[in-house]
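J.: Output the structure for:
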Amino acid sequence: MKISELEDIISYDRLHRYLEACNGNTSKAVVLYRANINVSLQMFAIVGAFEVALRNAINTAMTEKYGSDWLRDAILPGGIFDVPQCRDHARIIRSSYEKLIRQKNYTHTHLLSKMEFGVWKYLFSSPQYRATGRILLGIFTNRPSSSRYVQYNNTFIFNELDHVNSLRNRIAHHEPICFSTGLANITTDYIEFIYNKILMLIDWLGIDSRKYLFGLDHVNAVCNKIRLLKK
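T.: As a prediction, the model looks like this:
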């Protein structure tokens with residue numbers, strides 16, 4: 001496809017950053033644009049696989065403590081999220097729950113699947129972490145022991161998940177991830193930064209990330225192709 005045709009489809013403003021990064025080389029800019037889409041797809045698959053593992057680990061722990069409908073029960077009167085500090089969290093869950101009820105399609109599994117990544121992230125913010133009985137750090141069975149320099153507590157996990165969530169949102173909104181923030185220079189630093197965090201968190205869940213992502217993980221191969229475009 002010619003650069004002019006691509007501009008008509010995706011807009012000059014969106015394509016201009018790729019052209020600037022490639023010093024006006026139109027062919028190279030198109031290759032970089034497509035490589036960014038490819039690496040975004042690859043990272044979205046990795047994020048999705050991690051989200052499933054995280055959600056199911058949380059569900060197992062919460063089911064053991066609060067029962068098989070814990071997510072619904074948490075937002076009912078007297079539920080663990082029926083407190084002012086968790087009002088926004090409860091509102092998000094309640095919206096999906098009430099929609100499933102209207103559709104006569106409620107099951108605990110369906111409600112779990114309706115939750116966005118942010119719902120699981122915020123279970124590690126202080127109000128929700130306290131409301132859930134401070135049990136959820138236990139799902140990260142392989143996390144390091146805290147020291148006086150680093151506390152591997154719920155706040156640490158929340159911040160790590162926030163990084164992953166930010167990448168997820170950037171991809172979902174079709175933002176490029178192959179540049180430095182605010183600049184038009186080609187780099188895979190941000191991609192690799194989040195990618196390595198995800199692998200770490202999967203391993204902390206007690207899951208062998210290499211085995212779990214076998215056949216799905218092509219991030220390094222695509223990053224290599226992007227790095228070659230810097231030359």
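J.: confidence score at D8?
T.: Looking at D8, its pLDDT is 75.
J.: Could you give me the buried positions within whichever strand or helix holds it?
T.: Using DSSP states H and E, D8 sits in helix 3-10. Within helix 3-10, the residues that count as buried by 16 or more other C-beta atoms under 10 Å are I3, L6, E7. Bear in mind the C-beta positions are built from the backbone N, C-alpha and C, glycine included.
J.: What lies in contact with it?
T.: For helix 3-10, the external contacting residues (C-beta atoms under 8 Å, 6 or more residues apart in numbering) are L15, L19, T26, S27, A29, V30, Y33.
J.: Counting neighbours, which of the residues you listed end up buried?
T.: Buried members of the contacts of helix 3-10, counted by 16+ other C-beta under 10 Å: L15, L19, T26, A29, V30, Y33.
J.: Spatially, what comes nearest to the third one if we skip its sequence neighbours?
T.: Residue nearest to T26 in three dimensions, not counting chain neighbours: I3, with 4.1 Å by C-beta to C-beta, 6 or more residues apart in numbering.
J.: returning to what we had before: nearest to L54, of the contacts of helix 3-10?
T.: Comparing those against L54 with C-beta to C-beta picks out Y33 as the nearest, at 31.2 Å.
J.: my read: that closest one touches R17, true?
T.: No. Checked against C-beta atoms under 8 Å, the pair Y33 and R17 is beyond contact range at 9.3 Å.
J.: Need the three-state assignment for Y97.
T.: Going by DSSP: H, G, I helix; E, B strand; the rest coil, the secondary structure assigned to Y97 is helix.
J.: Just the strands from this structure, written as ranges.
T.: Using DSSP state E, no strands are found in the chain.
J.: pLDDT below threshold where in it?
T.: By pLDDT under 70, the low-scoring segments of the chain are 1, 231.
J.: got the residue ranges for the helices in it?
T.: 3-10, 12-21, 26-66, 70-75, 87-102, 108-114, 117-122, 126-131, 154-172, 189-204, 209-212, 219-228 (DSSP state H).
J.: For the spatially closest residue to V31 that is not a sequence neighbour, give its distance to S147.
T.: Leaving aside its chain neighbours, V31 sits nearest to L229 (6.5 Å; criterion: C-beta to C-beta, 6+ apart). The gap separating L229 from S147 is 41 Å, by C-beta to C-beta, to the nearest Å.
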